[in-house]
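**Q** Generate a structure from the sequence data that follows.
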Amino acid sequence: MGDTIDGSSGAAHGAQSDEQDPIDGQDQDQTGGFFKRLFSGAKAQDLIETPETMEQSNLPTGDLRNLQFMRLEDVAVPRADITSVSQDIELADLVAVFKDSGYSRLPVYKDQLDNPVGFIHLKDFALEYGFNGNSSEFSIKPMLRTLLFAPPSMAIGVLLQKMQADRIHMALVIDEYGGVDGLLTIEDLVETVLGEIVDEHDTEEDAMWVEEKPGVFLAQSRASLTEFETMLNMGALADTDAEEVDTLGGLVFMMIGRVPAKGEIIPHPSGIEFEIVDADPRRIKRLRITRDPAGG
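**A** Numbering: from 1, shown residues only. All right, here's what the predicted structure looks like:
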């Protein structure tokens, strides 16, 4: 795993490069316009905060400090939370991973995650095979795209510019021993600078929670705790002796004293269960609240 940030390893090169991909071209050109304005043509190693660069970027001072001082190890999805697939995966199994994870890009490995060979994009897979799962000659290898590799100490601004220049929007963080330490997408990095990006797959901005079925709610972490309690016609969920908690995410954080991992289930003394649907190392994003777990 002696590969550099340019992802030049033959193993990591797929048959279909993002640079020549007509599917993503429009989106990438639009993204590129933002980064060209943000970096103003600077070289990666010259991303130093000055009054001039702050004025040119139209970003708050704190956001530019994120670009310069925050490292990949501060924001990467940890290894334990990476959703990846083997290059030998069957078609039906790949469909299931895409559906269950909700991700549009998945890193692909040979034998183990420490031997990555690229990543697969949902668009390529859907156009080639659809979601019927009935192909007898399925192979993931022709659809592999190039991954970037980066050290944990790299500044996030440097990787952002590299992703934009190479049109590769997924990177693996590689530790000093050549093992995979974490994962980053371009969306993760942009959210670190500009705040959370809500897309068509996220819960709608004005819908803080939706009832999936009787007694089961999918909620944004920033949903008002008081309003949720009122809707459930329950007493206060937060301990009156604890610090004031305003949101559902804040309640869960207060209960366990840390940011929970995706998929973790946290029981509440009232009988409610909180399942972490989406989270990163820094914050909870979405939760599933089940009012009566025993009752199904």
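**Q** quick one: the helices in this protein?
**A** Secondary structure of the chain by DSSP state H: the helices cover 25-39, 51-57, 61-69, 72-75, 91-101, 122-129, 156-166, 186-194, 225-232, 248-256.
**Q** which regions of the stretch 101-250 of the chain sit below the pLDDT cut-off?
**A** 131-136, 193-206, 235-236, 238-244 (pLDDT under 70).
**Q** quick one: the strands in it?
**A** Counting by DSSP state E, counting those that start in this stretch, the stretch 101-250 of the chain has strands at residues 105-110, 112-121, 148-150, 170-174, 180-185, 209-213, 216-220.
**Q** what's the angle between the second one and helix 122-129?
**A** Using axes from the mean of the first three to the mean of the last three Cα atoms, to 10 degrees, the interaxial angle of strand 112-121 with respect to helix 122-129 works out to 70 degrees.
**Q** Same check on the last one?
**A** For strand 216-220 and helix 122-129, the angle between their directions (the same axes, to 10 degrees) works out to 130 degrees.
**Q** so what does strand 216-220 touch, helix or strand wise?
**A** The contact analysis (3 or more Cβ pairs under 8 Å, 6 or more residues apart in numbering; DSSP states H and E) places strand 216-220 against strand 209-213, strand 284-290. From N, CA and C alone the C-beta is placed, and that goes for glycine too.
**Q** Burial check on the nearest residue to I89 once chain neighbours are set aside, number of neighbours?
**A** Nearest non-adjacent residue to I89, counting by Cβ to Cβ, 6 or more residues apart in numbering: I140, 6.1 Å away. Using other Cβ atoms under 10 Å, I140 has 23 neighbouring residues.
**Q** most neighbours per residue, which of the helices and strands packed on strand 216-220?
**A** Mean neighbours per residue, mean count of other Cβ atoms under 10 Å, is largest over the helices and strands packed on strand 216-220 for strand 284-290, with a mean of 21.
**Q** What strands flank that strand, and is each parallel or antiparallel?
**A** Sheet pairing here is set by DSSP bridges, and for strand 284-290 it gives strand 216-220 (antiparallel), strand 273-279 (antiparallel).
**Q** Serialize those to CSV and add fields for mean neighbour count and distance to E90.
**A** Converted to CSV, the strands paired with strand 284-290 look like this (neighbours: other Cβ atoms under 10 Å; distance: least, Cβ to Cβ, whole Å):
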stretch, mean neighbour count, distance to E90
strand 216-220, 20, 30
strand 273-279, 20, 26
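**Q** Mind checking these for the one nearest to Q87?
**A** strand 273-279 (26.7 Å; Cβ to Cβ).
**Q** ok and that closest one relative to helix 248-256, angle-wise?
**A** Inter-element angle recorded for strand 273-279 and helix 248-256: 120 degrees (by the same axes, to 10 degrees).
**Q** could you give the mean pLDDT of strand 273-279?
**A** Mean per-residue pLDDT for strand 273-279: 90.
**Q** Tell me which residues are up against that strand.
**A** Residues outside strand 273-279 that contact it (Cβ atoms under 8 Å, 6 or more residues apart in numbering) are 218, 248, 252, 259-268, 284-290, 293.
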